[in-house]
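A.B. asks: Mind looking at a prediction? Sequence and model below.
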Amino acid sequence: MMEAGRIRHHLKNNISDPRNTILITGYCEPSTLGGKLLAGADKVYIMGEELEVKADIELMKEYSAHADLGDIAKFLVSQNKEQIQGIFLVHGEKDTMDKMKEELQNLGYKDIIIPHFKMHYRVNGKS
């Protein structure tokens, strides 16, 4: 997603050089910096500075390792549903997470939460 950490420094120092290639190795949600680059943004803001995107932007999906509903359901089936105190869906687009939450509820899982940024949640009276 390129939203935090050292990647922002690397991008800031290299994104405006047409000799460079920014290789993105997985999905980036459209509103993130990575998503904007994949959508073909000509300019981006990084650390408060507007920068021209002159580097080539390439996507290589083969390295993405995010679990989908099938992967998560396969993991959860080996767990005792009564002992699961909460499931937090934190990575993905809102519509996709809403559908995943609904499917998991249909499978009998409870207390599925899609947290909002900087929100504090309690599960079964615990925080």
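C.D. replies: That came in fine, so what should we check first? Residues are numbered from 1 along each chain as shown.

A.B. asks: any idea how this protein splits into domains?
C.D. replies: Per the record, the chain has its domains at 6-63, 69-113, by automatic domain parsing.

A.B. asks: if you average pLDDT over each of those, which comes out lowest?
C.D. replies: Sorting the domains of the chain by mean pLDDT places domain 69-113 lowest, at a mean of 87.

A.B. asks: so how far is it from its chain's centroid?
C.D. replies: Relative to its chain's centre, domain 69-113 lies at 16 Å (C-alpha atoms, centre = their mean, to the nearest Å).

A.B. asks: export the domains of the chain to TSV and tack on mean neighbour count?
C.D. replies: Placement of C-beta: from N, CA and C, glycine included. Formatted as TSV, those follow (neighbours: other C-beta atoms under 10 Å):
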stretch	mean neighbour count
domain 6-63	14
domain 69-113	13
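
A.B. asks: And the spatially most central residue of the chain, its phi and psi?
C.D. replies: Centroid-nearest residue in the chain: H91, 4.2 Å away (criterion: C-alpha atoms, centre = their mean). In terms of degrees, to the nearest 10, the main-chain angles of H91 are phi -140, psi 110.

A.B. asks: Check the gap between it and A39 for me.
C.D. replies: Relative to A39, H91 is positioned 19 Å away (C-beta to C-beta, to the nearest Å).

A.B. asks: and if you look at K101?
C.D. replies: 27 Å.

A.B. asks: M100 reaches L89, doesn't it?
C.D. replies: Yes: in this structure M100 lies within contact range of L89 using C-beta atoms under 8 Å: 5.9 Å.

A.B. asks: all strands for this structure, in order.
C.D. replies: Listed in chain order, the strands of the chain (DSSP state E) span 21-24, 43-46, 49-52, 56-59, 87-88, 112-113.

A.B. asks: Show me what the second one packs onto, helices and strands only.
C.D. replies: Think strand 43-46. helix 6-14, helix 33-38, strand 49-52 (3 or more C-beta pairs under 8 Å, 6 or more residues apart in numbering; DSSP states H and E).

A.B. asks: JSON lines for those, including distance to K61?
C.D. replies: Listed next are those as JSON lines, based on distance: least, C-beta to C-beta, whole Å:
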{"stretch": "helix 6-14", "distance to K61": "18"}
{"stretch": "helix 33-38", "distance to K61": "11"}
{"stretch": "strand 49-52", "distance to K61": "25"}
